[in-house]
Structure formats: C-alpha cells, structure tokens
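> what shape does this take:
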Amino acid sequence: MKEMRLGVFVKLTRDIDQQFARLREHGFSTCQLSTSNRELFTDEMAEAVLAAQQRHEVEITALWCGWPGPGVWDFYEGPSSLGLVPAWCRAYRMEFLLLGSDFGRKIRVSDFITHVGFIPENPLDADYIGVVQAVRHVARHCQQNGQFFLFETGQETPITLKRTIQDVGLDNLGVNLDPANLLLYGKGNPVDALDILGEYVRGVHLKDGEYPTDGRKLGQEKPIGQGRVDFPALIAKLKQLNYSGALTIEREIKGEQQIKDILAGKEFIERLL
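Reported below is the predicted structural model:
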C-alpha cells in the first residue's frame, strides 16, 4: 500500500516559487494550494505554479477554493453567510467555483475542495435542496475537468454530509477530513466520523482544536497535539481504511509562530507514522 505523506496548506500568491522553496526547506514534498482570489485564475499564474512545482519537486495534492462575498465564521451569522447554503449568494459563488475548477485543471490537480457551508440537517429544507442542486452542478463541471469535488468537513454533522453525497448522486464526490473542524463546530468526534465518511476520504487536514464552550463562537484551534483530536487513533483508523493520500498540516495563524507550530506538528505526526 502506498504510504501516507506529509504536506502543508499553502496560500496561493504570486511568489509561489519562494513558497515552494521554503516548503522543501522545511522537509515537505506535498501541499494543498488555497485561493479565493479570482485575479489569480490566469494562464500566467498557472504556468508559474507548474514551473515552481517542477523546479522544487512539489506534489500539489488538491486545490482548496474559497468563494467571494461576506462570511462570518460563527454560529449565528455563519449559516446565512457561508458557502453555497445561503440562497442570496449561491449563484455567483457557484460561478466562482466553476472558475476555480478550471484553474485547477490548468495546474493539473485532481481534487477540488471547498466549504459548502452549514448544510441543513433537514433534507426537506429548501436550502438543503438548493445545496444538493448547486453541488451537483459544480461537481459535474469538476467531472468534466477530470476532478473530484471534495467537501471539507466541519460545518455539518457527518451523517448530514453523507446524506448530501448520496443525494447529489455523482461518482466524483469525496471528503477532505478536517478533524479539528468537527470539534470547533461541535459536530462530531473526528475518529468516529471516519466510521460514517471513511469510504469518501480523499484528503486529510492535520489540525487540532477544542469543542466550543460558548453557544455563539466556534471552539479554539490549537497546535497539533495540544487539542482534543486523538491523532494516534485517527492515523490508525486511516490505516485501517487503507487511506494512502496526503496528510496536510494546517495552522490558521500567521507569522513566525505559525511556522514553529507547523514544524512541531510535523515532528509530532512523523512519530506516529
């Protein structure tokens, strides 16, 4: 079986060559690229990415694509502002994701990831029905580009996500498991979530955190090994499922501390592998 390999979450910018050089200096060989900047969806940027990828021998395992418009990452305004769930912004965010998928084809990635939003638990909810239709439209476009469409976990319960995948009904759907998000949003235990979603997992974020203790705010993200994610059990379960994809470290802070936490997380996970 192909072994899991460690990578890091990288924001796409115009200095991508320097970013890939630093990535290799820190001992990583894979990454997920992240962007929500329409101005970067150009042929010139795609050529720069491919050149940097070849020069530094970096594997881009997925493109993580955001979407335009206001979004509030909490429990009160989040359901009405994030992803494809809010009807008021669904159409132009769908259009943006189609452009993102096209850019992903230019840089030759096979997995395309986004946060779909707070998918309603009730499958008869009008917004649930709208999300299913929207995802089907975007995923079909991804299919034409030779890509899988991956849901990032966290804003919905695992069983709601599985129901959504089944209702969309395409064979190029998958999951990017973010164990910390399941905790931060109070939606489930990440190890148990693999019993529900394991067959769909094509990508994994390595991120840690705590359950929320305030009914309005998400839980707190933590450095790997300092939160509630049981990484030994998570890695063991992924091995049981014969997962052989990338493990991508993500740390949602900036500056020197981010780099320190990423490298400490790398050392922590390497001991488990």
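> for the stretch 101-250 of the chain, just list every one of the helices.
Using DSSP state H, counting those that start in this stretch, the helices found in the stretch 101-250 of the chain span residues 126-144, 158-168, 179-184, 190-197, 231-240.
> let's have those helices in JSON lines, adding distance to D261 and mean pLDDT.
No exception for glycine: its C-beta is placed from N, CA and C like everyone else's. Output for these, formatted as JSON lines (distance: least, CB to CB, whole Å; pLDDT from 0 to 100):
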{"stretch": "helix 126-144", "distance to D261": "32", "mean pLDDT": "98"}
{"stretch": "helix 158-168", "distance to D261": "27", "mean pLDDT": "98"}
{"stretch": "helix 179-184", "distance to D261": "13", "mean pLDDT": "98"}
{"stretch": "helix 190-197", "distance to D261": "19", "mean pLDDT": "98"}
{"stretch": "helix 231-240", "distance to D261": "14", "mean pLDDT": "97"}
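> got JSON lines for these, with mean neighbour count and distance to I262 too?
Shown next, in JSON lines, are the helices of the stretch 101-250 of the chain (neighbours: other CB atoms under 10 Å; distance: least, CB to CB, whole Å):
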{"stretch": "helix 126-144", "mean neighbour count": "19", "distance to I262": "29"}
{"stretch": "helix 158-168", "mean neighbour count": "18", "distance to I262": "27"}
{"stretch": "helix 179-184", "mean neighbour count": "26", "distance to I262": "14"}
{"stretch": "helix 190-197", "mean neighbour count": "20", "distance to I262": "19"}
{"stretch": "helix 231-240", "mean neighbour count": "16", "distance to I262": "15"}
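> so can I have TSV of those helices showing distance to L12?
Shown next, in TSV, are the helices of the stretch 101-250 of the chain (distance: least, CB to CB, whole Å):
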stretch	distance to L12
helix 126-144	18
helix 158-168	26
helix 179-184	21
helix 190-197	27
helix 231-240	27
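> so which of these gets nearest G255?
Smallest distance to G255 across the helices of the stretch 101-250 of the chain (CB to CB): 19.5 Å, for helix 179-184.
> tell me who's in contact with V175.
Shown in contact with V175 (CB atoms under 8 Å, 6 or more residues apart in numbering): L150, F151, E152, T153, L161, I165, L197, Y200, V201, R202, G203.
> now do the same for M1: its pLDDT.
We have a pLDDT of 48 for M1.
> and of the contacts of V175, the nearest to G255?
Minimum distance to G255 across the contacts of V175 is 24.0 Å, recorded for E152 (CB to CB).
> is it true that the closest one touches G117?
No - counting by CB atoms under 8 Å, E152 stays clear of G117, with 10.3 Å between them.
> higher neighbour count, those two?
When neighbours are counted by other CB atoms under 10 Å, E152 and G117 differ, and G117 comes out ahead with 25 against 19.
> do you know how far that one is from E156?
From G117 across to E156, the span is 8 Å (CB to CB, to the nearest Å).
> contact partners for A193?
With contact set as CB under 8 Å, 6+ apart, A193 has these partners: T153, P158, L177, P179, L182.
> farthest pair within those residues?
Farthest-apart pair in the contacts of A193 is P158 and P179; separation 11.4 Å (CB to CB).
> now R140, nearest residue through space, not along the chain?
The shortest distance from R140 to any non-neighbouring residue, by CB to CB, 6 or more residues apart in numbering, is to L170 (6.8 Å).
> give me phi/psi at the one you found?
Geometry field for L170 lists phi and psi as phi -110, psi 160, criterion degrees, to the nearest 10.
> so it is in contact with Q143, correct?
Yes - contact status for L170 versus Q143: in contact at 6.7 Å, counting by CB under 8 Å.
> show me whatever sits in contact with both of those two.
F149.
> end to end, how far does stretch 52-71 reach?
In stretch 52-71, first residue to last residue: 32 Å (CA to CA, to the nearest Å).
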